[in-house]
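1. 3D, please:
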Amino acid sequence: MTPLAVAATVVPAESTQQAIGYPSLFLLVLIGALVPVVPTGALVSSAAVVAFHQTAPFSLALVFLTASTAAFLGDAILYWLGRRGMGSKNGSRWLEAIRSRAPEDRLARAQRKLADHDVAVLVLSRLVPAGRLPVMLACLLAKWPMRRFARGNLPACLAWAVTYQLIGILGGSLFEEPWEGVVAAVALTVLISATPTVWRRVRRAGGAP
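-> Down below sits the predicted model:
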């Protein structure tokens, strides 16, 4: 097969992937921000692996923009719903959902750190597994206005997208086949997500306070 024939085969395939992949990534990350059961970090890393192996320019940049924008909008919507729930007489199921995923010990730590370090805690909360919702709830209880939360959450979402994209780029650079890089990236993100939970259980088993 001639180089022109190969190019004619690859370009439409990549165009199709981009036409489907970026809207899907945006939607899934947005849903994952609202309903935190979707592994959004693994999604971003996997998308970065695919983009790393593509020949189209700016593929990685588009993954970054898509993921960070969806995460920011999802957080903003969830925070708005939480504020609405706090102002409602009967509360809100969204506020209860945030509370159910923010145990009292994590919430207490988040409130102390928020009081000490202010906006910087938002950036760290996006990078620490299971750290986003306790800090968001702490912001709600501190009655942060929407504008203040959004201003602090923007760099948090950018840092989050960069971090998981770098994991995907690392996985893509280690393997020739995209699917191998995707497997490696997903395994690494799962390991990162599970480490804090395992560490807490080890400390409790050892009798640490």
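
2. in the host helix or strand of I98, what counts as buried?
-> Per DSSP states H and E, I98 falls inside helix 93-100. Residues of helix 93-100 classed as buried: W94, L95, A97, I98, R99 (neighbour count, 16 or more other CB atoms under 10 Å). (Each C-beta comes from the backbone N, C-alpha and C, glycine too.)

3. in TSV: those residues, plus distance to R148 and pLDDT.
-> As requested, these are exported to TSV (distance: CB to CB, whole Å; pLDDT from 0 to 100):
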residue	distance to R148	pLDDT
W94	19	69
L95	18	73
A97	22	71
I98	18	76
R99	21	76
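
4. dump the residues you listed to CSV, plus distance to K113.
-> Output for the buried residues of helix 93-100, formatted as CSV (distance: CB to CB, whole Å):
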residue, distance to K113
W94, 23
L95, 21
A97, 22
I98, 17
R99, 18
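
5. which one of the residues you listed is nearest to A71?
-> Using CB to CB, I98 comes nearest to A71 of the buried residues of helix 93-100, at 16.0 Å.

6. where do the helices sit along the chain?
-> 3-34, 40-52, 59-87, 93-100, 104-117, 120-127, 132-141, 146-174, 178-205 (DSSP state H).

7. tell me which of these sits most buried.
-> Per residue and on average, the most neighbours among those fall to helix 40-52, with a mean of 26 (mean count of other CB atoms under 10 Å).

8. next one: that helix to chain centre, how far?
-> Helix 40-52 sits 11 Å away from the centroid of its parent chain (CA atoms, centre = their mean, to the nearest Å).

9. and the angle from that helix to helix 59-87?
-> 160 degrees (axes from the mean of the first three to the mean of the last three CA atoms, to 10 degrees).

10. and helix 40-52, what does it pack onto?
-> helix 3-34, helix 59-87, helix 146-174, helix 178-205 (3 or more CB pairs under 8 Å, 6 or more residues apart in numbering; DSSP states H and E).

11. mind saving the C-alpha coords of it as PDB?
-> Extracted in PDB, the C-alpha atoms of helix 40-52 (Å, rounded to 0.1, in the frame of the first residue of the first chain):
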ATOM      1  CA  THR A  40     -13.200  10.700  35.100                       C
ATOM      2  CA  GLY A  41      -9.400  10.500  35.700                       C
ATOM      3  CA  ALA A  42      -9.200   7.200  33.900                       C
ATOM      4  CA  LEU A  43     -11.200   8.700  31.000                       C
ATOM      5  CA  VAL A  44      -8.900  11.700  30.600                       C
ATOM      6  CA  SER A  45      -5.800   9.400  30.700                       C
ATOM      7  CA  SER A  46      -7.300   7.100  28.200                       C
ATOM      8  CA  ALA A  47      -8.200   9.900  25.900                       C
ATOM      9  CA  ALA A  48      -4.700  11.300  26.200                       C
ATOM     10  CA  VAL A  49      -3.200   7.900  25.200                       C
ATOM     11  CA  VAL A  50      -5.400   7.900  22.000                       C
ATOM     12  CA  ALA A  51      -4.500  11.500  21.200                       C
ATOM     13  CA  PHE A  52      -0.800  10.800  21.700                       C
END
